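Chemist: 3D, please:
(chains A and B)
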Amino acid sequence: MSVLKFTREQFENFVSAMVKSGQSVMAPQAKNGRFAFGPLQSAADLRLDYDVTILPPKKYVLPQTQTLLEFEVGGAFRSVDSSQPMILLGVHPYDVAAISQMDELFSQDQYDKHYMDRRCKMTIVALDVVTPSENVFASSMGTATVRKGYDLLLTVLKDGSVLAEAATEKGQQLLKLAGSSTPASEADLSARKAIWESNEKNLDKHVLKCKPSYLPKLLDHSYEHAVWEEMARLCYSCGSCNQVCPTCYCFDVQDFVNWDLKTGRRQRCWDGCLLENFATVAGNHNFRKDRAARYRHRLYRKGKYVPGKIGGQIACVGCGRCITACTAKIANPVEVYNRLMEDTELG
Amino acid sequence: MCECCNNHKNDIYLPQLATITKRRMLNGTELYLHLEMDSGKDLEYSPGQFVEVSVAGIGEGPISISSSPTQKGLELVIRNVGSLTRVIHKLEVGGKLGIRGPYGSTYPVEQAKGKDLVFICGGIGLVPQRSFIRYALDHRNDYGKIIVLIGTKCYTMRLFREEIALWQQRKDMTVMETIDEAHDCWDGNVGVVTTLIPKIESDLPSSLVMICGPPVMYKFVLMALAEAEVPEDRIYVNLERRMKCGVGKCGHCQINEKYVCQEGPVFRYSDLALVPEAI
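Modeler: From the prediction side, this is the model:
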């Protein structure tokens, strides 16, 4: 599909048109010295130069709390549809990759309509990274750029102009909101290619010493490695690594009774496998009581278990959020996997 | 709405209502319930599967099915152990529960045909095993010997006493019971369930052995079966985990890469060789 070029001003007009379109627009904005996705009120608040957001945009496909059902206390249940049209604007490639993985997980086997209804009504506008974050390692994970999983892809050129290429019908529809633009020139396309090549190399604050596709095999031989105990000794079991992870999707389900004491709602909320009682059953038997076992479980999920469900894609996209969020400084997957690489002889 | 949404209108989290038609306490903590679906249609399930049981306003939890698909209605046995089950225990006949499912894997009812069946049950492990036991009794000619070993912590906690007494009177099955601690009213075996294994009068290595009990029990039973040279692919374990969603999404029931709600709760033991979290 053709690539359009917007001057900075033309692009702001396009964003303003999105804001006025009636769909909610969620986009990265400055927040206390960092960045966060939130409802965009004005095009001027959009930060195309953000490095990474505190929480990934998964909070829109799988909200922190989401009502699944409503009920009469002690009685019948009714399914609730909380989906509404939404534009997710300015999603970095690693987060696009994460959402694509989640799409597969929630649609396979048993179709989760609460996730998929939201997802289907969403237009994803991807954005090539302008400013690498302090802990990004997307270059190592093959997620520094993406070619699928979005509806429209934006690339900011050095002079501040923005290239836009639709990948889907939804992306084409969104472009109809845009006012004036010009077709991108050969030189613009070369500049975009140079940005892709640069990002594929330079989003590398940590470097994995093997191909990501090698991780399942590596983990096959690392279950009893000393690193799990060593790292977990410092773990607070706070679950921050889970909460900020764009590919973590485990959830709990709870009932809440409304003030009338007659009706209520069943909600799901984010959970985390590092939290102490994640695997505890009624009667207080905890099937993953050991901190090191929980620590190991997360890195096995990323490198082996979830890949087994989604055709081998590694469930770590290299955003580096867990590294930043972990107060004990033990969450870096690259550090652990590299350590295993050094110590493991594979035939 | 896009095409994929239109094709999937079912909500996998939506329970169907069922009505309690019978209830009685089996001991101090275990409540037996007989349920009928309000839709009038019996659930279609196989022995070994579980359902997600809801009380609107309290929550939802996985409960093994104790009845056999050969009988009408759904039987559950629920231990009073948490916030949800405490409320379920207060429900009377006519009370409503939400039911989702059935979910999970089943006992090898087909592959087991023609073979001797040995059931090793510890405590409420008898509850899901009873589904296959009753199924096998209802298809008695399809199976070889039926041998049931039941271990219970103490005399007062024994489950399904009348039913076990009826089983013991049958000529076409063998039931052996033991309790962990001696009791004035008990003159049967005393000791853990593994002490009954040497008493089995069947060619154990060619039988199919089904195990269900508290987490601590599996290791010892499996050791005893290894000693008796039962091949691992003839042993089935029924594992409990926190099957919160029942549909392979929420992550709580995972044992290594396996989701117990989908690949379990009944596993062939030989399939768990590389699953260190299982036993």
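
Chemist: Report how many residues lie close to B:Lys145.
Modeler: Using other Cβ atoms under 10 Å in any protein chain shown, B:Lys145 is surrounded by 16 other residues. Placement of C-beta: from N, CA and C, glycine included.

Chemist: ignore the last one, B:Asn256
Modeler: Counted with other Cβ under 10 Å, residues neighbouring B:Asn256 total 17.

Chemist: Quickly list the domain ranges of chain B.
Modeler: Domain ranges of chain B: B:3-103, B:117-238, per automatic domain parsing.

Chemist: How far does the last one sit from its chain's centre?
Modeler: If I follow you right, that is domain B:117-238. How far domain B:117-238 lies from its chain's middle: 12 Å, per Cα atoms, centre = their mean, to the nearest Å.

Chemist: ok, back up a step: indicate which one of the domains of chain B is closest to chain A.
Modeler: Nearest of these to chain A, taken as Cβ to the nearest Cβ: domain B:3-103 at 3.6 Å.

Chemist: Please convert the domains of chain B to a markdown table, extending it with mean pLDDT.
Modeler: Putting the domains of chain B into a markdown table (pLDDT from 0 to 100) gives the following:
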| stretch | mean pLDDT |
| --- | --- |
| domain B:3-103 | 94 |
| domain B:117-238 | 96 |
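
Chemist: which stretch among the ones you listed comes nearest A:Cys238?
Modeler: Of all these, domain B:3-103 sits nearest to A:Cys238, with 24.6 Å by Cβ to Cβ.

Chemist: which strands and helices sit next to the helix or strand harbouring B:Ile120?
Modeler: Using DSSP states H and E, the element containing B:Ile120 is strand B:117-122. Applying 3 or more Cβ pairs under 8 Å, 6 or more residues apart in numbering or on different chains; DSSP states H and E, we find strand B:117-122 packed against helix B:126-138, strand B:146-152, strand B:208-212, helix B:215-227.

Chemist: Kindly recompute the last result at 10 Å.
Modeler: helix B:126-138, strand B:146-152, strand B:174-179, strand B:208-212, helix B:215-227, strand B:235-238 (3 or more Cβ pairs under 10 Å, 6 or more residues apart in numbering or on different chains; DSSP states H and E).

Chemist: Show me what that strand pairs with in its sheet, parallel or antiparallel.
Modeler: strand B:146-152 (parallel), strand B:208-212 (parallel) (DSSP bridges).

Chemist: so A:Arg294 makes contact with A:Cys250?
Modeler: No - the criterion here is Cβ atoms under 10 Å, and A:Arg294 misses it with A:Cys250 at 11.9 Å.

Chemist: and A:Cys238, what is it in contact with?
Modeler: A:272, A:274-276, A:325-328 (Cβ atoms under 10 Å, 6 or more residues apart in numbering or on different chains).

Chemist: tell me, which of the residues you listed make contact with chain B?
Modeler: A:Gly272 (Cβ under 10 Å from any Cβ of the partner chain).

Chemist: Just the element for A:Ile124, please.
Modeler: Using DSSP H and E, A:Ile124 maps to strand A:122-127.

Chemist: Which strands and helices lie in contact with the strand or helix carrying A:Val334?
Modeler: Per DSSP H and E, A:Val334 falls inside helix A:333-343. Secondary-structure packing of helix A:333-343 (3+ Cβ pairs under 10 Å, 6+ apart): helix A:138-141, helix A:215-220, helix A:227-232, helix A:291-300, helix A:321-325.

Chemist: tell me the angle it makes with helix A:291-300.
Modeler: 100 degrees (axes from the mean of the first three to the mean of the last three Cα atoms, to 10 degrees).

Chemist: And helix A:333-343, what's buried?
Modeler: A:333-341 (16 or more other Cβ atoms under 10 Å in any protein chain shown).

Chemist: try stretch A:291-309
Modeler: By 16+ other Cβ under 10 Å, the buried positions in stretch A:291-309 come out as A:291-307, A:309.

Chemist: Quick one: end-to-end length of that stretch, please.
Modeler: With Cα to Cα, to the nearest Å as the measure, stretch A:291-309 spans 25 Å from end to end.

Chemist: Same question for stretch A:176-184.
Modeler: End-to-end distance (Cα to Cα), stretch A:176-184: 17 Å.
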